[in-house]
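1. build me a model:
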Amino acid sequence: FEPVKLRIGKAEIGGLDEALVGMRQGGVRRVLVPVPIAGLPSQISSKLELGFGPRRQLERQVNRPDPDNIFFYELSLDKVQGV
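-> Below is the predicted model:
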């Protein structure tokens, strides 16, 4: 996977701000985010630069009526930059 740059406090992908707080460089966390918190497919796919097929899969997951629908993220903090 390609690295994605995120800024804490910008809520670029819902649920990840809380997961990143307190992480140290080199740290790894596994996060389960409920779909309603994760955000719209356009917000997520624009940040992850997905192709057509993966984008359609993402839209299908978001639109499922299952209340237990979640996204699983594995976060690895490679680099921390100051503001």
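2. low-confidence regions, this protein specifically.
-> 1, 11, 39-50, 83 (pLDDT under 70).
3. how about the residue minimising distance to the centre of it, phi and psi?
-> Closest to where the C-alpha atoms of the chain average out (Cα atoms, centre = their mean) is Ile13, at 4.8 Å. When quoted as degrees, to the nearest 10, the phi and psi of Ile13 stand at phi -130, psi 120.
4. distance of it from Pro65?
-> Between Ile13 and Pro65 the distance, using Cβ to Cβ, to the nearest Å, works out to 22 Å. (Each C-beta comes from the backbone N, C-alpha and C, glycine too.)
5. again with Pro36
-> 12 Å.
6. which element follows the longest helix that the chain contains toward the C-terminus?
-> Selection of the longest helix in the chain by residue count, based on DSSP state H, yields helix 52-62. Secondary structure here is assigned by DSSP states H and E; on that basis, the next helix or strand after helix 52-62 toward the C-terminus is strand 70-76.
7. who touches that following strand?
-> Residues outside strand 70-76 that contact it (Cβ atoms under 8 Å, 6 or more residues apart in numbering) are 15-16, 19-20, 23, 26-35, 38, 61.
8. among those residues, which lie within helices?
-> By the criterion of DSSP H, membership of these in helices covers Leu16, Ala19, Leu20, Val35, Ala38, Gln61.
9. just the buried residues of the residues you listed.
-> Buried members of these, counted by 16 or more other Cβ atoms under 10 Å: Leu16, Ala19, Leu20, Val35, Ala38.
10. measure the nearest residue to the third one once chain neighbours are set aside to Arg56 for me?
-> In this case it means Leu20. If the residues on either side of it in the chain are set aside, Leu20 comes closest to Ile8, at 5.4 Å by Cβ to Cβ, 6 or more residues apart in numbering. Computed with Cβ to Cβ, the distance linking Ile8 and Arg56 is 30 Å.
11. cheers, nothing more for now.
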